[in-house]
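Visitor: Structure for this input, please:
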Amino acid sequence: RQISYEQISQIGERFDFVFSNFGGLNCIDDLSKVTTHLPGLLNTGGVVTFVIMPKISPWEIASPTFRRLKKGGIIAHVDGHYFPTYYHSLSDIRKAFGDKFEFIRSEGLAALSPPPHKTNLKLYNLLRKIDNIVNKTLPFNRWADHIIVTFRLK
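Guide: Numbering: from 1, shown residues only. Here you go, the predicted model:
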């Protein structure tokens, strides 16, 4: 079924796990528009994992545009389609989940390694290995190309 994130309460079923991958939720300006519906979709103890683009990515710090830090988001484009995009800090994400959820963990995805087409294979492989060592530690569990955040319904 294809519906907006903001309409997920219409699903009418309960789940043990809800997962959103690779920044789809970055099209939502306020994550609480989605997270407020999650308790009605989850069984007690159910888990939610979001893979989302945070406000800070080490690979974009060098960019003169600082696009992820722009208040009010940016207009992004993929394959000729333009759409608003918002970046969310870990604290913003935690706030959106509120007190009905227990924060489990956050880990960085591609904190130090660039997209594979941006560097030679040897350097990329080395940086991926380092990523796998540091991805659960500060600041790399908050600052990365994407962060993987997991919460449990209390």
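Visitor: all contacts plus neighbour counts: C-alpha atoms, from now on.
Guide: OK.
Visitor: so who does Arg152 touch?
Guide: Each residue near Arg152 by Cα atoms under 8 Å, 6 or more residues apart in numbering is listed here: Gly45, Gly46, Val47, Val48, Phe101, Glu102, Phe103, Ile104.
Visitor: Can you show me the CA trace of the helix or strand harbouring Glu102 as CSV?
Guide: Here Glu102 is covered by strand 101-109, with elements defined by DSSP states H and E. Output of strand 101-109 as CSV, limited to C-alpha atoms (Å, rounded to 0.1, in the frame of the first residue of the first chain):
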residue,chain,number,x,y,z
PHE,A,101,9.8,5.3,23.5
GLU,A,102,13.1,4.1,24.9
PHE,A,103,16.2,5.1,22.9
ILE,A,104,18.2,2.0,22.1
ARG,A,105,21.1,3.2,20.0
SER,A,106,22.5,5.4,17.2
GLU,A,107,25.2,4.5,14.8
GLY,A,108,26.8,6.3,11.9
LEU,A,109,26.6,5.0,8.3
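Visitor: Tell me the buried residues in it?
Guide: Phe101, Glu102, Phe103, Ser106, Glu107, Gly108, Leu109 (16 or more other Cα atoms under 10 Å).
Visitor: Just to be sure, Ile56 is in a strand?
Guide: No - residue state for Ile56 (DSSP: H, G, I helix; E, B strand; the rest coil) corresponds to coil; a strand is not indicated.
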